[in-house]
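Student: Build me a structure from this.
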Amino acid sequence: MTAPKIALRPASTDELEAAVRAGGGEPVEDAASADAIVWVNPRDPQGLADLLAASSARWVQLPFAGIEAFIAAGVVDPARTWTCTKGVYGPACAEHALALMLAAARRLHDHIKASTWRSGGFGSPERRLAGTTAVVIGTGGIGSALVPMVRPLGVRVIGVNRSGRPLDGADRTVRVDRLMDVVHEADWVVVAAAATPETRHLVDAGMLAAMRTTAWVVNVARGELVDTEALVTALEAGSIGGAALDVTDPEPLPDGHPLWAMANAIVTPHVANTWDMAVPELVAMVERNVAHFAAGEPLEGLVDPGAGY
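Tutor: Sure, this is the predicted structure:
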């Protein structure tokens, strides 16, 4: 069996080249004649488009799970097989979602800023996660990884997805068109879905109005899934408990934006899955997918160009 030729672009690393070889492939410089391309720059869809214009590659591996920039640029054509890293970064992002939930429950964002000892104890609003309910929107890699992290802490989980297919470990799962039927039960609305035209502003003024006054929005997916203007209005009015956001719309969140100054908001700068965390997972996935490609087997992380993820 001839080893498939794999081009690593726009730059290669020793780890990725080793992964290609370990998977039974041959790293090559010439992308035009390569059987497949591993694209490692998530912020340059045009660079990939230019490369593919002169390439006959049958398979393209993208480096992140969120591929909306490549979809929007029209790069992801159905004539090729496309894969992304959906699923493999789920545990890292789920850990961050749990950290944000714990920080909000224990008011760490408030206490960390303190410069003097403040009275706590009786009447202080800190709480445990035990006995709370998380409505997890998106049951892919992040949602699936979050459930076994929060269940031992006593959190009840309601999964929300397009199909209604049960989320393993959840108390129940509903289709996204039933989201408004369950959001009033949430102490935590965890946003973990893919960014598509259908999910833009999924968390809007109507949903925020239906939430409990003590409930928090936790977003570790993409900023545009939440209507930022409506969120700020709800936070200012105190109609929800708070928001913990690793992603925002716009992103980066501008200096002086109201979210920075709000006592009931936590903002982290898109660090749920950093490049240092991602590289080992990407390298391992490349090795597995090269092996699948060489053997003519189904690839992991297949992208549906029509669905956009």
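
Student: okay, Phe122: pLDDT?
Tutor: Predicted confidence (pLDDT) at Phe122: the value is 73.

Student: ok so it is a strand residue?
Tutor: No - with the criterion set as DSSP: H, G, I helix; E, B strand; the rest coil, the secondary structure at Phe122 is coil rather than a strand.

Student: Run a quick neighbour tally on it.
Tutor: By other C-beta atoms under 10 Å, 5 other residues sit near Phe122. (Each C-beta comes from the backbone N, C-alpha and C, glycine too.)

Student: before we move on, what about the one 5 residues further on?
Tutor: Other residues near Arg127 come to 14 when the count uses other C-beta under 10 Å.

Student: avg pLDDT for the helix ranked longest in the chain?
Tutor: Within the chain, and with DSSP state H defining each element, the longest helix by residue count is helix 275-295. Mean pLDDT, taken over the full extent of helix 275-295, equals 97.

Student: Mind listing residues that contact that helix?
Tutor: 1, 3-4, 6, 13, 15-16, 18-20, 22-25, 35-36, 38, 40, 59, 61, 63-64, 83, 85, 88-89, 92, 297-301 (C-beta atoms under 8 Å, 6 or more residues apart in numbering).

Student: are any of those buried, and which?
Tutor: Buried members of those, counted by 16 or more other C-beta atoms under 10 Å: 3-4, 6, 16, 19-20, 23-25, 35-36, 38, 40, 59, 61, 63-64, 83, 85, 88-89, 92, 299-301.

Student: ok, which stretches of the stretch 1-150 of the chain are strands?
Tutor: 5-9, 26-28, 36-39, 59-61, 81-83, 133-137 (DSSP state E, counting those that start in this stretch).

Student: Let's have these in a markdown table, adding distance to Asp177 and mean pLDDT.
Tutor: Shown next, in a markdown table, are these (distance: least, C-beta to C-beta, whole Å; pLDDT from 0 to 100):
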| stretch | distance to Asp177 | mean pLDDT |
| --- | --- | --- |
| strand 5-9 | 40 | 98 |
| strand 26-28 | 46 | 98 |
| strand 36-39 | 35 | 98 |
| strand 59-61 | 33 | 98 |
| strand 81-83 | 28 | 98 |
| strand 133-137 | 12 | 98 |
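
Student: now the end-to-end length of stretch 286-306.
Tutor: 24 Å (C-alpha to C-alpha, to the nearest Å).

Student: Now do the buried residues in the longest helix of the chain.
Tutor: When neighbours are counted by 16+ other C-beta under 10 Å, the buried residues of helix 275-295 are found to be 277-278, 281-283, 285-294.

Student: do the same with stretch 195-212
Tutor: Within stretch 195-212, the residues that count as buried by 16+ other C-beta under 10 Å are Ala195, Thr196, Thr199, Leu202, Val203, Met207, Leu208, Ala210, Met211, Arg212.
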